[in-house]
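> here you go, sequence then predicted model.
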Amino acid sequence: MALPGRRAWALPSLCFFLVVLICSGEGTPRPPVEIESPVAEPDTTGPWSVIRAKVAGLVEPVVSKTQEKWRNFWSPGPFQGYVQTYYEDHLKDLGPRARSWLRSSKEKVLNKAHSLCPTLLCGDGDADSQ
């Protein structure tokens, strides 16, 4: 159910605002979170130790490369560039566009209301404009 007075643009704008808000804190250093979980000592003599070592050898480079890519993406340079480009493409002339849209909407609503009004009550539209 849509809330009264909400527009279709409100949800995407809110989502974008939340993403910017969340990501703006990504550049601040935080102390690493250390979670201590009871880990059983791996069996280094059985066949599973070979499989475990091979999987770790395959997965570790992928994980570290992914972490590095995300770290580079969320660094201030690229993210700031994205926000700047988004502003220039979509938000720079938002004020004049909104005023123009409001003005045209007001005129359309007034014209529609006047066209629905009986001539006896509202008079002739041409007579009012003179």
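Thanks, I have the structure now.
> now do Pro76 against Thr66, distance only.
To Thr66, Pro76 is 20 Å away according to CB to CB, to the nearest Å. Where you see a C-beta, it was placed from the backbone N, CA and C, and this is true even at glycine.
> where's Thr85, which helix or strand?
Counting by DSSP states H and E, the element that carries Thr85 is helix 76-86.
> next, the buried residues of that helix.
With burial defined by 16 or more other CB atoms under 10 Å, the residues of helix 76-86 counted as buried are Phe79, Val83.
> from the contact counts, what lies against that helix?
When contacts are defined as 3 or more CB pairs under 8 Å, 6 or more residues apart in numbering; DSSP states H and E, helix 76-86 packs onto helix 10-24.
> averaged pLDDT, the helix it packs on. What do you get?
On average, the pLDDT along helix 10-24 is 65.
> please apply the same query to stretch 118-125.
For stretch 118-125, the mean confidence score works out to 71.
> give me the contacts around it.
By CB atoms under 8 Å, 6 or more residues apart in numbering, the list of residues contacting stretch 118-125 from outside reads His114.
> hey, which helix or strand in the chain has the poorest pLDDT?
Using mean pLDDT, DSSP states H and E, the weakest-scoring helix or strand in the chain turns out to be helix 125-129, at a mean of 51.
> picking up where we left off before, tell me the helix or strand right after the helix holding Thr85.
Per DSSP H and E, the helix or strand that comes after helix 76-86 is helix 94-116.
> if you count neighbours, what's buried in that following helix?
Quick answer for helix 94-116: no buried residues (16+ other CB under 10 Å).
> number the chain from 420, please
Will do, 420 is the new start, and the previous item becomes helix 513-535.
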